[in-house]
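Chemist: Quick one: sequence plus predicted model below, questions after.
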Amino acid sequence: MEIWILVAVIALFLLWAIFTYNQLIALKNEVKNAWKQIDVQLKRRHDLIPNLVSVVKGYMEFERETLEKVTSARARAVSTAGLREKVTAENLLSQALSGLFAVIENYPVLKSNENVLQLQEELASTENRIAFARQLYNDLVANFAIRIESFPSNIIASIFSFRKAEYYSIGEIDRSLPVADLSTRTK
Amino acid sequence: MLFLLLLLMYFSVVISIFLGVLFFFPFYFMKTGSLVFWNDPLYIILITGFSLLLAGIHFWFSASGAVQSVMKSLGAIPPDPEDGIHRRLKNIIDEIHVVTGQTRKIGCFVIPSLSMNAIAVADLKGNAAIAITEGLLSRLTRSQTEAVLAHEAYHILSRDCMEATIATSLFGMYAAMLEKLQNLGEEERSGLHPAFFLFWILLKLSQMLSMLISREREYRADAASVRMTRNPVAMAEALHLISRNWRGSGMIGSGLEMLCIINPQENELDESEGFWSTLMSTHPPIRKRIDILLKMVRVSIAELDRKLNSGTQTVNAPSGAAEPLYHVFDLKHKWQGPYALAELAALPWLLPLTWIRSGNDKSVERASENPLINAIFTNRLNTAGKEVSEFRCPSCKQSLSEIPYEKTKVYQCGFCRGVLVDNTKIPRIIARREKECTERIKSLAKAVTTDNQRKIAVKKLKKTEAQLKTLTSCPKCHNPMLRTFYSLAYLIEIDRCGFCNITWFDADELEMLQCIIENRMTATLD
């Protein structure tokens, strides 16, 4: 009789362990997928920038420096790997872009150019998508961390050595990014 | 939970109707001799089963295709990818897909109306869609539109909208019928139709449903929108703007109000608080909604008001600065023009080495030397092979060129400046205010409408029949076009083709129409 109770308890424990393990695996992959989504949006931005630069170039003889800053920041962002470096490179790119948009404001010809407007809208949309993808990623990372650290799922997590994912945190510079200004100007 | 309740209510109504019908018309059964059918349990089971089946079928069909039927009833169309503002809408919807992790596919539609409202619909098939009016889309800034769409998207994701959609698709139909019957009744006074009573019951039932749909969900959706866009001010501004304009009452049928961002009908109940109004109304007071949003950023309503008012003033201020015009030296060594920049881009023989003379200072230069014109060649590479349309101007017989106008595309003649507009695009052009209305257009519009009003008055006095004038032929199908007024309220003469659904505006007529509607100008007769 006692043996059966023991067997039942062990079976229940095993079932719970399998269930928890699977949940952790699912969460881990969701986090991974969310990170890939950020990558997709960042790539979108990298692809748009050369278009914008080529359209704007002809008008902005005196703003060589601003354009070069954007181009070099893009080149750096494309080539870097690893989360930390990537975040800083992307932040620099955001900064350079906002500088470029501020300059565009001074050129009435550019402001009324259909191509520039369209590219500006696409970039504004991409900035939003990056921010939103980051939001999703950070939410999922938080969920994952809660599962790993809270009892009793932390037992399974430590046995199979699940590691917490890193947050995509915005640096000090990024907080001053005037994305809202850019988007409100289409009036 | 609400879903089950709805089903139960619906079934009970249908069953009672069936039993009622059988109770009132027992003649058939008397003939067959089974007078005691009431007591036969088999019979009752049969009837119940049959009515349940019928109810189920109706329920399934009305609720499963709700997205399509609601969109159809509103006349909503999918966004036009050629149109700048519609593209923005599509982008924002894609952004929402990113933030929700692509868990739910949300479609988007545009309602060709000047009113300001947005509506979210979801149905049993798993389709979901957000529809937004042209008026709202055109008058809100990007961040405000984001806030509105995030609010609607939350309704879809939280399944609020599903319950509401089912309720409206079940009862909304009866409500619409009842409204029609009421209108008929007032005209003919033909007595109480039996169907009238039936619909009345169903309408009352549907109104009771609003008790179950709580105000809380609007607050929650507002909060979710702020969580997503991180911009409470934009949401507050959007609500403020919507509440001060026409919200689409009359256009959006009753029964759909619980799906809208703001109740299309302005009523006391929505704006008041207390137990009863909280129970009965679907939307909370707008003032309170805005208040909550503004508390997040510590701004008062008065400040918001001031900001928005100053914003509209700067938009309306005329900026002057006419578009430069150019003369071009063509292949046969003759000067052509003047062309605006867009038409210049449409000239197939214009090359970077072509000589041009700008209208302002009369100096002659190569096209490539002018940065504005040089951009044409970059542009031409981007959109190769789509410069000149196959349509020809009805008065000049010249090719029309496609030009951007109020963020959409219209065809314009480079010589007489008339424009050809697709009928579906007219509402959105009227809704948009990017092209400001100049003093010249204003006075012209005043003169034209007054003149037309006088003509109509004279015609009425003489009692002559209005004659259908056909003066021009359609640029598309070459059939004669019909010359009419845009409407009796807006007396601008236009030429319409009934076959192709397009409208020809002579020079300035489109601007005048926009100006009249925007400034609510009316013709005055002395």
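Modeler: That came in fine, so what should we check first?
Chemist: Could you count how many residues lie near A:I3?
Modeler: 7 (other Cβ atoms under 10 Å in any protein chain shown). No exception for glycine: its C-beta is placed from N, CA and C like everyone else's.
Chemist: which SS class is it?
Modeler: Following DSSP: H, G, I helix; E, B strand; the rest coil, A:I3 is assigned to helix.
Chemist: How confident is the prediction for residue 108, by pLDDT?
Modeler: Using chain A. At A:P108, the pLDDT value in this model is 77.
Chemist: please go with chain B instead
Modeler: For B:C108, pLDDT reads 90.
Chemist: For it, give me the backbone phi and psi.
Modeler: phi -140, psi 150 (degrees, to the nearest 10).
Chemist: Quick check, it in contact with B:L137.
Modeler: No. Using Cβ atoms under 8 Å, B:C108 is not in contact with B:L137, being 10.2 Å away.
Chemist: Touching both of these two, which residues are there?
Modeler: Contact criterion Cβ atoms under 8 Å, 6 or more residues apart in numbering or on different chains; residues shared by B:C108 and B:L137: B:L89.
Chemist: Compare neighbour counts for the two and give me the winner.
Modeler: Legend: neighbour count by other Cβ under 10 Å for B:C108 and B:L137, higher for B:L137 (24 against 20).
Chemist: wait, that one sits on B:R87?
Modeler: No. The pair B:L137 and B:R87 does not pass the contact test of Cβ under 8 Å, sitting 11.2 Å apart.
Chemist: For residue 18, report the pLDDT, please.
Modeler: No chain was given, so I picked chain A. We have a pLDDT of 92 for A:I18.
Chemist: Wait, chain B was what I had in mind.
Modeler: Confidence score, pLDDT, at B:F18: 63.
Chemist: and if you look at B:P194?
Modeler: At B:P194, the model reports a pLDDT of 60.
Chemist: Then B:L308?
Modeler: Model confidence at B:L308 (pLDDT) stands at 68.
Chemist: for B:L294, same thing?
Modeler: 85.
Chemist: do the same with B:I441
Modeler: For B:I441, pLDDT reads 84.
Chemist: Could you list the alpha-carbon positions for the helix or strand it falls within in CSV?
Modeler: Element membership for B:I441, per DSSP states H and E: helix B:439-462. The C-alpha trace of helix B:439-462 is given here as CSV (Å, rounded to 0.1, in the frame of the first residue of the first chain):
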residue,chain,number,x,y,z
GLU,B,439,-8.6,84.6,-50.2
ARG,B,440,-8.9,84.3,-54.0
ILE,B,441,-10.6,81.0,-53.8
LYS,B,442,-12.8,82.2,-51.0
SER,B,443,-14.2,85.2,-52.8
LEU,B,444,-14.5,83.2,-56.0
ALA,B,445,-16.5,80.5,-54.2
LYS,B,446,-18.7,83.1,-52.7
ALA,B,447,-19.4,84.7,-56.0
VAL,B,448,-20.0,81.4,-57.8
THR,B,449,-22.4,79.9,-55.3
THR,B,450,-24.3,83.2,-55.0
ASP,B,451,-24.6,83.3,-58.8
ASN,B,452,-25.7,79.7,-59.0
GLN,B,453,-28.2,80.2,-56.2
ARG,B,454,-29.7,83.1,-58.1
LYS,B,455,-29.9,81.0,-61.3
ILE,B,456,-31.8,78.3,-59.4
ALA,B,457,-34.2,80.8,-57.9
VAL,B,458,-34.9,82.3,-61.3
LYS,B,459,-35.5,78.8,-62.7
LYS,B,460,-37.9,78.0,-59.9
LEU,B,461,-39.8,81.2,-60.5
LYS,B,462,-40.1,80.5,-64.2
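Chemist: Buried residues in that helix, which are they?
Modeler: Of all the residues in helix B:439-462, those buried under the rule 16 or more other Cβ atoms under 10 Å in any protein chain shown are B:I441, B:K442, B:L444, B:A445, B:K446, B:V448, B:T449, B:T450, B:N452, B:Q453, B:I456.
Chemist: Regarding B:W504, what is its secondary structure?
Modeler: Quick answer, by three-state DSSP: B:W504 is strand.
Chemist: ok, the nearest residue to it once chain neighbours are set aside - contacts?
Modeler: Leaving aside its sequence neighbours, B:W504 sits nearest to B:D495 (Cβ to Cβ, 6 or more residues apart in numbering or on different chains; 4.2 Å). Taking Cβ under 8 Å, 6+ apart, we find B:D495 in contact with B:P394, B:L471, B:T472, B:M481, B:L482, B:R483, B:T503, B:W504.
Chemist: same thing with B:T165?
Modeler: Applying Cβ under 8 Å, 6+ apart, we find B:T165 in contact with B:A63, B:A66, B:V67, B:V70, B:V121, B:A122, B:D123, B:L259.
Chemist: Can you name every helix or strand that whichever strand or helix holds the fourth one contacts?
Modeler: Assigned by DSSP H and E, B:V70 belongs to helix B:66-74. Packed against helix B:66-74, as judged by 3 or more Cβ pairs under 8 Å, 6 or more residues apart in numbering or on different chains; DSSP states H and E, are the following elements: strand B:107-111, strand B:118-122, strand B:128-133, helix B:160-188.
Chemist: Select from the contacts of B:T165 the one having the most neighbours.
Modeler: B:V121 (30 neighbours).
Chemist: and the helix or strand containing B:R287, anywhere near chain A?
Modeler: Using DSSP H and E, B:R287 sits in helix B:286-295. No. Using Cβ under 8 Å from any Cβ of the partner chain, helix B:286-295 stays clear of chain A, coming no nearer than 15.4 Å.
Chemist: who's in contact with that helix?
Modeler: B:218-219, B:222, B:226, B:232-233, B:235-236, B:239-240, B:243, B:262, B:270-271, B:273, B:300-301, B:304.
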